Each structure stands twice: as structure tokens, then as C-alpha cells.
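Novice: Return a 3D structure for these sequence lines:
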Amino acid sequence: MRINDARRLTHAQLTDLRHRGVSAVQSGESPEDVVRVLDISRATIYGRLARYRQGGWGQLDAKKRGGRPTKLDGRAMAWIHKVVRKDPRQYEFKFALWTSLMIREIIRRQFSVSLSKSSVCRLLNQMGLSAQRPLWRAYQQDPQKVEQWLKTEFPKIKREAPKKKADIWFADEAGVRSDAHAGTTWAPRGRTPIVSTTGARGRSCPGKTRLRTS
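Specialist: Below is the predicted model of the structure:
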């Protein structure tokens, strides 16, 4: 028997528990963390999120029963939350950033439910997700090797340069890249998403600027 067995709680206690769980998710906590902290099931938290979406805080009142079925139930909410945290390209989209229109399309595909753009945004906000600018990281990059180069190889180069009467130059190109990183994607509040790319690119470089260090 679970610690928070609803059969042992008063209506007021159960209502408060429901409010706490939904509020935590909307504040950016992962539903999985809420499940663990409140000792409830995954189906329970997503079911409460679905009821909140259907009728607001009043729908979480433990005294209320029944009501009109929601278009997206707890199981659907759980699926959407899981999918949005993945790469859209896994679902035959061309881009690596989730937009509300893309999420609307995948909901239509999966559940045959058509939502407006504003309804999709409201749904995502109710699940504790927000539109954020992600960090981009090439998956070929090895952070340990980069750190090793900065700490060992580059100091050697700096020591060798004066001996050869050489200067050290760092080049930076200005141009248009095929992998330009612009836009936002949906992710849990307070948790900056990281998007992995191949690091491969095409570019057009109208000019160069250089920064010199000796």
C-alpha cells in the first residue's frame, strides 16, 4: 500500500496533494521527480495534469466526480511530455527544434485530436514546459580531449612560438552557415536543453576577421 493511499486521506488532504503535484510540474519539476517525492504513480500525476487542463484548479477538488471526458487523458499527456524531450528528427521532422506547430501536428498524428496553436502552448505550459534557446553541441566533440589540448598542447605551442620568432593567430570567419543555430525549442522550465548535431556544415564566407595573440 502506498504512503499516500487516497483511501486514508480526507477530501481536503487529497485536494491539497493534487494541487501540490500539479504546481510542482508547472514550476519545472519533472513529473518523474514528483512521482517519487509524493509517492504516487505516473498515471496519477498525468491524470491530474489532464484534469487540470480540462477544468482548472477546481477540477482537482477531491469532492468532484465525473465530468466531460478530456480530449487528451493522462496517458496522452505522458506520451507528449516524453516525446517533446526527444529530437524531432526521430519523428520525421526536418528540424532539431520543437515548435508549437510541430507538436500540434504530432498530437494530430498520434491521437487524431486537432488543437489550435494557443491550445498547444497552453498544454505545454501546464506540463511545466517552456520555449527556450538550447545549447548546441556536436556529438563528435570529446570534452576531455578539448580540455587536454587546452591544458597541455596549447601551452607547448605558446612556449615554442618565441623560439621560432612566430606569432600565434586565431582565425574567425564571418559568413552564412547551413547549421545556423537560431530559434527555441520546448523543454522543462529551468533546464536548458542541449541539441546534438553532427558538427558537419556548409558555409559561404564573404570575409574573415582575425584575432592575434603573441
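Novice: which stretches of this protein have low pLDDT?
Specialist: Residues of the chain that meet the criterion pLDDT under 70 lie in 1-7, 64-69, 135-142, 170-182, 190, 193-214.
Novice: Going along the chain, name the helices of it.
Specialist: Read by DSSP state H, the chain holds these helices, from start to end of the chain: 11-26, 31-38, 42-55, 74-84, 100-111, 117-126, 143-148, 154-163.
Novice: and those helices as TSV, adding mean neighbour count and distance to residue 91?
Specialist: For every residue, glycine as well, the C-beta is placed using N, CA and C. Below are the helices of the chain laid out as TSV (neighbours: other C-beta atoms under 10 Å; distance: least, C-beta to C-beta, whole Å):
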stretch	mean neighbour count	distance to residue 91
helix 11-26	18	23
helix 31-38	16	21
helix 42-55	20	20
helix 74-84	18	7
helix 100-111	16	6
helix 117-126	16	15
helix 143-148	10	28
helix 154-163	11	42
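Novice: Compare those helices and give me the one nearest residue 183.
Specialist: Counting by C-beta to C-beta, residue 183 lies closest to helix 100-111 out of the helices of the chain; the figure is 11.5 Å.
Novice: Next, the angle from the closest one to helix 74-84.
Specialist: 130 degrees (axes from the mean of the first three to the mean of the last three C-alpha atoms, to 10 degrees).
Novice: Which elements pack onto helix 100-111?
Specialist: Applying 3 or more C-beta pairs under 8 Å, 6 or more residues apart in numbering; DSSP states H and E, we find helix 100-111 packed against helix 74-84, helix 117-126.
Novice: Just the angle for that helix relative to helix 117-126, thanks.
Specialist: Going by the same axes, to 10 degrees, helix 100-111 makes 90 degrees with helix 117-126.
Novice: How about residues contacting helix 100-111?
Specialist: 71-72, 76, 79-80, 83-84, 88, 91, 93, 95, 113-117, 120-121, 124, 186 (C-beta atoms under 8 Å, 6 or more residues apart in numbering).
Novice: just how off-centre is it within its chain?
Specialist: 16 Å (C-alpha atoms, centre = their mean, to the nearest Å).
Novice: That'll do, ta.
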